[in-house]
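S.K.: Quick check, what structure comes out for this input:
(chains A, B, C, D and E, ligands or ions: 15)
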Amino acid sequence: MNVENTFTYDFSQYTIVSHVFTLGYAAMAAGLVYFVLTSRNSLPRYRLSSTLSGVVMLSAFLELLVISQRWDSAFRWDGEAFVQAGTLFSNGYRYMNWSIDVPVLLLQMLIVFGVTGAAFRRGWIVFTVAGLGMIYTGYVGQFHEVERSAPFWVWGSISTVFFLVILALVYRTVYGNVGRMPAEVRPLVKAVWWLLLGSWMLYPGAYLMPAIWDSADGVVARQITYTVADIVSKVVYGILLAVIAQKVSKHEHH
Amino acid sequence: MNVENTFTYDFSQYTIVSHVFTLGYAAMAAGLVYFVLTSRNSLPRYRLSSTLSGVVMLSAFLELLVISQRWDSAFRWDGEAFVQAGTLFSNGYRYMNWSIDVPVLLLQMLIVFGVTGAAFRRGWIVFTVAGLGMIYTGYVGQFHEVERSAPFWVWGSISTVFFLVILALVYRTVYGNVGRMPAEVRPLVKAVWWLLLGSWMLYPGAYLMPAIWDSADGVVARQITYTVADIVSKVVYGILLAVIAQKVSKHEHH
Amino acid sequence: MNVENTFTYDFSQYTIVSHVFTLGYAAMAAGLVYFVLTSRNSLPRYRLSSTLSGVVMLSAFLELLVISQRWDSAFRWDGEAFVQAGTLFSNGYRYMNWSIDVPVLLLQMLIVFGVTGAAFRRGWIVFTVAGLGMIYTGYVGQFHEVERSAPFWVWGSISTVFFLVILALVYRTVYGNVGRMPAEVRPLVKAVWWLLLGSWMLYPGAYLMPAIWDSADGVVARQITYTVADIVSKVVYGILLAVIAQKVSKHEHH
Amino acid sequence: MNVENTFTYDFSQYTIVSHVFTLGYAAMAAGLVYFVLTSRNSLPRYRLSSTLSGVVMLSAFLELLVISQRWDSAFRWDGEAFVQAGTLFSNGYRYMNWSIDVPVLLLQMLIVFGVTGAAFRRGWIVFTVAGLGMIYTGYVGQFHEVERSAPFWVWGSISTVFFLVILALVYRTVYGNVGRMPAEVRPLVKAVWWLLLGSWMLYPGAYLMPAIWDSADGVVARQITYTVADIVSKVVYGILLAVIAQKVSKHEHH
Amino acid sequence: MNVENTFTYDFSQYTIVSHVFTLGYAAMAAGLVYFVLTSRNSLPRYRLSSTLSGVVMLSAFLELLVISQRWDSAFRWDGEAFVQAGTLFSNGYRYMNWSIDVPVLLLQMLIVFGVTGAAFRRGWIVFTVAGLGMIYTGYVGQFHEVERSAPFWVWGSISTVFFLVILALVYRTVYGNVGRMPAEVRPLVKAVWWLLLGSWMLYPGAYLMPAIWDSADGVVARQITYTVADIVSKVVYGILLAVIAQKVSKHEHH
Ligand SMILES: CC1=C(/C=C/C(C)=C/C=C/C(C)=C/C=O)C(C)(C)CCC1
Ligand SMILES: CC1=C(/C=C/C(C)=C/C=C/C(C)=C/C=O)C(C)(C)CCC1
Ligand SMILES: CC1=C(/C=C/C(C)=C/C=C/C(C)=C/C=O)C(C)(C)CCC1
Ligand SMILES: CC1=C(/C=C/C(C)=C/C=C/C(C)=C/C=O)C(C)(C)CCC1
Ligand SMILES: CC1=C(/C=C/C(C)=C/C=C/C(C)=C/C=O)C(C)(C)CCC1
Ligand code: NA
Ligand code: NA
Ligand code: NA
Ligand code: NA
Ligand code: NA
Ligand code: NA
Ligand code: NA
Ligand code: NA
Ligand code: NA
Ligand code: NA
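M.R.: Ligands and ions are numbered 1, 2, ... in the order given. Modelled structure (predicted):
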């Protein structure tokens, strides 16, 4: 069960959540147009990054659309508040989406930073295995967020270990390659690290929200957190990588 | 709460609003076809403007579709009038959309007017920060439009300050660059200023509508205002910039 | 109010209307595929006509889809007839669509007939102003079609004046340019005139239908009239212009 | 009225029909991807055939989607059987679709077989006129399929005359052109005749189904018949023509 | 009847199934973007494989979307559990989809492994005939999964015979061609065999699930099995073939 189903909402609370859901999927649709139409601006070897941003955009668009529709049908206005209707809301769709997007987002980084050969294969395997490990353990944990019993904390902790593994490898990937890259893009390459760090940490924050702020307002905060995290970690990140790819391409006499 | 939920509507009032919503999203879909299919008519450096018009079109299409569906489900015909049904209508979706479109629309201008380097970066930051500032303060204010208490006026005023900052920078961008541009496009460049000024001022007008004309007819006027503003500030503006980009491209021996 | 909401329908009447609506939007979707995929068959300067047919197709597709869905939800089978359900049907969506499509359709003609310079600008302005004048005055009139009071006739007459202005300029555009065009396309150019004349006159016919044939069968006739008019004035017209553009392009050594 | 509305269905009967409808529209969507992405594999002059297959795919996709949704909403599970719900099912949507697809399918044949000049124009006119004659007379007849009174048989017979005219011209088109074509494609060209003959004859079979097998199982048989006919006469036929076009193109030193 | 309709579900059971359905169709949509945008990375002769992956993606997307919507509408939350609502769930849509996808997936293998001439034609016929034989016999059998009477076992066994025929030919195709292929791709070619073997065997596993684990948890296991099978046998398989095609193309001096 998710805590979203344990509250009633006033007009502002309910519609703010509804608004940010719309913002979320509209941003993904907008990003899809952007990445598809600009993918030819880089050298062929980097183009795959934009294609993969397109993959991320469409899958996230569908997930956020479903989340948004669930929100609509799980509550109805009874004249005073939004109360439970005939279905239940669920955040689990997000985890399904992450299991597509997390491996793909990390793969994009390897491509744009020009990682190849064994380092590429090893990076890709670690990212995929640790990524899926992080997501599916967290998925199991979030089913216990209402009562917040042991499984909530145990699975959340195991998930966090995987998260740290990912962060460590991302750090090494960024700072191990930044030296090889043209001087003018180095600040952008480092920005990838900070952007990823900042936005990815919002997800465990949203996981913990029921423990921190167990109320209708906490739900609003959680869904805003998720939406900001999604837009930054998928769209802004994708644009940043595309800009790096474009500048590196120009440097290599595109 | 939005004033739309405080009235009942006769057949004409209700269906006129429904019609203009359809006009709104159909115009965005039509624009999407146009911008995607004609984006190759300009030099690569200006092409991004058409791509960004595509981004604006798709995100606005989705937002206006949602608004339109909310209108449908928030009211039902009881044989005499359209009365409230089991959900509430909300204008807040528009603000979400603006927070994608306003920064993008202003970025298009910098691209087409050939602004580069530090001026580009500075313009882009001011436009984005002031744009989001204007929108999110206004968003907070509009929740108070029914009772029109202090927050409605205070947040609206703060929003207006940001708006003036944007207008000032748009003015400087237009008139500071028009001299550099080929003589034949100068009237069009100045038209960008007037078109933007005229259409953007409709949005605060719609914000104020409940204070000016607090009735079902005022709702009709508000939604027509929004739709005209959307079509002019997104579609017509995008076409105008595309025409300028095309003419400048030809001038630079496209 | 529209007369559609004043009748009940037997199985054949109701489903024929439902069928022709489906024919309408499927034809627009089919046309969209055609125009997008064949737009590169002409010289660049004529290509915009196919793009604009694409614009017309998508916006008309959406409008006819809405009309079709309204028909579905406005009536339900009670075991003997289709009777009114919880919403109302409305033809006003068509007028919204025309206000996108009429200016665009007439612009296509100017492009394919090679009109340029001042004649182009003047033609485009007259077509747009008179087109919107015709549509919005008719839009006001059709709200009075049930009682058919003075506004129905007065606004319809004013609309007709605009219509005559358009027809006059179309005639002049066709016959003033046909001489300049390669001999082999001249019959096709003249066909544009007759096709436009024949199909556009169906729209005022549909407007008058409640005055001519005020019954469920009259509704069927009206919706068939609209659909034939839409297919001919948008799809067939667009194909005709595309064929002319292709032949002229070949003639100019494409 | 259609006989589909005169029966109740057990689980297998109802869901088999539901399944084959899904197969139908998914096949059209799949075909759309195929024809759009492979249209550049032939010489420009034959490419239009793939484009037209795209037109057929999208219009049939929409029609079969509507049919499928009607089936869903026209019946509900009452715990024992699927019984009538608040709308009626109708096959008439098919006829609307045919009036787009039949002329287009026959046009594709003329294009791929390289028919040009007067023979092309004559063929195209006969195919279109006889095609629409066949479809609309059959459409009138099928409204009488429940009582199977005179109009059912009379209109069906008139329709058949048009059908025979089409078959005769198809035969002549195939066997009159096969000699001119490269030896290796001749078997494929003859296959077009047999494929068309076999699949098109299923449609009058489905028309007659209420007279042959007037039961819930007959409905299942009818909808399977339609779906097989649709997939063969549109998708397989389109692929066959595309393969012929590709081989002829290679032969002409593509 | 399918066993899914014979149970009630708690929150976790119901939403896990709902989540994996979303994962399923989002993966297909994501794959569609990938295959369409990367199809030009191989030599023309191999490109068809990516196009066919696109065909598979769109048809599977539609099928899984339908399955997902059926799950939503077949159950409703009664405050304690998800119980049956007014429709029935059905797995049969999957079989319809397979009858498009199985022949196409096997055809892709022939293309990428460079099988041509008579071997190609023979392989293609065996794959299609045995594929459809396997699917439609299994389809008949699954209608009897609730009572698990003789037809369930008999049809399942006949289906298995066809399955073995397919596996045998796949084995021969892989190991009969791997020698001809560049050394560096040979491990990938063999991986095709193991990937196909592993993922395809999940389908008969899901067929047998009611006999192995006849409970709500068994339903969850079955739908997870289907989804894993779908993602591996369609998306991962398609990517693997695309990578092989790309490497072979490079080897042949792309
Ligand atoms: C550490 C941690 C988590 C981390 C989640 C993360 C880091 C998700 C990132 C998602 C992204 C980047 C999605 C993009 O599409 C969970 C699973 C919430 C469970 C609690 C502990
Ligand atoms: C001054 C002001 C406002 C200005 C809004 C504007 C100027 C919106 C522009 C939107 C655009 C251009 C959208 C295009 O997609 C608000 C927020 C209504 C609040 C009240 C004060
Ligand atoms: C004269 C007249 C009318 C004319 C309408 C026309 C001529 C519409 C054309 C529409 C087209 C061509 C749409 C294509 O998308 C109205 C407004 C019904 C009102 C009554 C008088
Ligand atoms: C002879 C005959 C008929 C023939 C129908 C045919 C031949 C339809 C072909 C449709 C196709 C090919 C559609 C493809 O999209 C009718 C009208 C059922 C009425 C009864 C007599
Ligand atoms: C052996 C066997 C079966 C095998 C099914 C298979 C092998 C399906 C493969 C599907 C694929 C690959 C779909 C991809 O889109 C059935 C029919 C369940 C019936 C029981 C026996
Ligand atoms: Na609701
Ligand atoms: Na997410
Ligand atoms: Na309503
Ligand atoms: Na807006
Ligand atoms: Na209805
Ligand atoms: Na219309
Ligand atoms: Na139903
Ligand atoms: Na059909
Ligand atoms: Na439900
Ligand atoms: Na499947």
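S.K.: Now stretch A:66-77: buried residues?
M.R.: A:66-68, A:70-72, A:74-75, A:77 (16 or more other CB atoms under 10 Å in any protein chain shown). The C-beta positions use only the backbone N, C-alpha and C, and glycine is treated the same way.
S.K.: typo on my end, it should be stretch A:9-19
M.R.: A:9, A:11-19.
S.K.: That stretch near chain B anywhere?
M.R.: Yes - Stretch A:9-19 lies within reach of chain B by CB under 8 Å from any CB of the partner chain, at A:11-12, A:15-16, A:18-19.
S.K.: How about that stretch and ligand 6, touching?
M.R.: No - figure legend: stretch A:9-19 not in contact with ligand 6 (CB under 5 Å from the ion); closest approach 8.5 Å.
S.K.: Wait, a strand at A:Gly141?
M.R.: No - remark: A:Gly141 does not belong to a strand; assigned using DSSP: H, G, I helix; E, B strand; the rest coil, it is helix.
S.K.: Now, the buried residues of stretch A:66-77 that are in helices?
M.R.: In helices, judged by DSSP state H, the following of those are found: A:66-68, A:70-72, A:74.
S.K.: Which single one of those is nearest to ligand 6?
M.R.: Relative to ligand 6, the closest of these is A:Asp72; by CB to the ion it sits at 4.7 Å.
S.K.: got a list of what the closest one touches?
M.R.: A:18, B:87 (CB atoms under 8 Å, 6 or more residues apart in numbering or on different chains).
S.K.: pLDDT wise, what is it at?
M.R.: Here, the pLDDT recorded for A:Asp72 equals 95.
S.K.: do A:Thr87 as well
M.R.: Reported pLDDT for A:Thr87: 89.
S.K.: ok, it touching E:Trp77?
M.R.: Yes - using CB atoms under 8 Å, A:Thr87 makes contact with E:Trp77 at a distance of 5.6 Å.
S.K.: Counting neighbours, what do you get for A:Pro44?
M.R.: Number of residues near A:Pro44 (other CB atoms under 10 Å in any protein chain shown) recorded here: 10.
S.K.: who's in contact with the residue lying closest to it once chain neighbours are set aside?
M.R.: In this structure, A:Pro44 finds its nearest non-sequential neighbour in E:Asn41, 7.9 Å apart by CB to CB, 6 or more residues apart in numbering or on different chains. Going by CB under 8 Å, 6+ apart, E:Asn41 touches A:44, E:242, E:246, E:249.
S.K.: again with A:Ala211
M.R.: Counted by CB under 8 Å, 6+ apart, A:Ala211 has contacts A:145, A:148.
S.K.: one step back: could you pick out the buried ones from the contacts of E:Asn41?
M.R.: Judged by 16+ other CB under 10 Å, buried ones among the contacts of E:Asn41: E:242, E:246, E:249.
S.K.: Go through these and flag which are in helices.
M.R.: Per DSSP H, the buried ones among the contacts of E:Asn41 map to helices at E:242, E:246, E:249.
S.K.: can you pull the contacts of the last one?
M.R.: To tie it back to what came earlier, the one meant is E:Ser249. Listed by CB under 8 Å, 6+ apart, the contact set of E:Ser249 reads E:41-43, E:46.
S.K.: what's the closest of those to ligand 4?
M.R.: E:Tyr46 (32.2 Å; CB to the nearest ligand atom).
S.K.: From what I see, that closest one and E:Leu110 are in contact.
M.R.: No - with contact defined as CB under 8 Å, E:Tyr46 does not reach E:Leu110; the gap is 11.4 Å.
S.K.: that older thread, out of the ones in helices among the buried residues of stretch A:66-77, which two sit at the greatest distance?
M.R.: A:Val66 and A:Ala74 (12.0 Å; CB to CB).
S.K.: which neighbours do those two share?
M.R.: Joint contacts of A:Val66 and A:Ala74 (CB under 8 Å, 6+ apart) do not exist.
S.K.: Endpoints of stretch A:80-96, how far apart?
M.R.: 34 Å (CA to CA, to the nearest Å).
S.K.: if you look at it, does any of it touch ligand 7?
M.R.: Yes - judged by CB under 5 Å from the ion, stretch A:80-96 and ligand 7 are in contact via A:Arg94.
S.K.: Quick one: residues in contact with that stretch.
M.R.: Against stretch A:80-96 from outside (CB under 8 Å, 6+ apart): A:1-2, A:4-5, A:8-11, A:13-14, A:63, A:66-67, A:70-71, A:73-76, A:135-136, A:138-139, A:142-143, A:226, E:11, E:15-16, E:18-20, E:22-23, E:26, E:72, E:76-77.
S.K.: same check, this time on stretch A:171-181
M.R.: By CB under 8 Å, 6+ apart, stretch A:171-181 touches A:109-110, A:113-115, A:123, A:186, A:189-190, A:192-193, A:248.
S.K.: and those, which are buried?
M.R.: Buried, going by 16+ other CB under 10 Å: A:109-110, A:113, A:115, A:123, A:189, A:192-193, A:248, out of these.
S.K.: Chain A: strands as residue ranges?
M.R.: Using DSSP state E, the strands of chain A run over A:75-77, A:82-84.
S.K.: Of these, which is nearest C:Leu32?
M.R.: Nearest of these (CB to CB): strand A:75-77, 37.3 Å.
S.K.: ok, that closest one near chain B or not?
M.R.: Yes - Strand A:75-77 comes into contact with chain B (CB under 8 Å from any CB), by way of A:76-77.
S.K.: Throw the buried ones among the contacts of stretch A:171-181 into TSV and include distance to E:Leu58, thanks.
M.R.: As requested, the buried ones among the contacts of stretch A:171-181 are arranged in TSV below (distance: CB to CB, whole Å):
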residue	distance to E:Leu58
A:Met109	29
A:Leu110	29
A:Phe113	33
A:Val115	33
A:Gly123	32
A:Val189	37
A:Val192	33
A:Trp193	37
A:Val248	34
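S.K.: Go through those and name the one nearest B:Val219.
M.R.: Nearest member of those to B:Val219, counting by CB to CB, is A:Val192, at 46.8 Å.
S.K.: How about the residues of chain A by ligand 7?
M.R.: A:94, A:230.
S.K.: Show me how far stretch A:232-244 is from its chain's centre.
M.R.: Computed by CA atoms, centre = their mean, to the nearest Å, the chain-centroid distance of stretch A:232-244 equals 12 Å.
S.K.: same check, this time on stretch A:56-73
M.R.: 13 Å.
S.K.: so where do the helices sit in the stretch 151-254 of chain A?
M.R.: A:186-200, A:202-212, A:216-230, A:237-251 (DSSP state H, counting those that start in this stretch).
S.K.: neighbours around A:Trp98, how many?
M.R.: A:Trp98: 24 neighbours (other CB under 10 Å).
S.K.: Could you pull up phi and psi at A:Phe113?
M.R.: phi -80, psi 10 (degrees, to the nearest 10).
S.K.: Against D:Glu147, how distant is the closest residue to it other than its chain neighbours?
M.R.: Leaving aside its sequence neighbours, A:Phe113 sits nearest to A:Asn177 (CB to CB, 6+ apart; 4.4 Å). As judged by CB to CB, to the nearest Å, A:Asn177 and D:Glu147 stand 78 Å apart.
S.K.: what residue of chain A is the furthest out?
M.R.: For chain A, the C-alpha lying farthest from the average C-alpha position belongs to A:Gly79; by CA atoms, centre = their mean, that distance is 35.6 Å.
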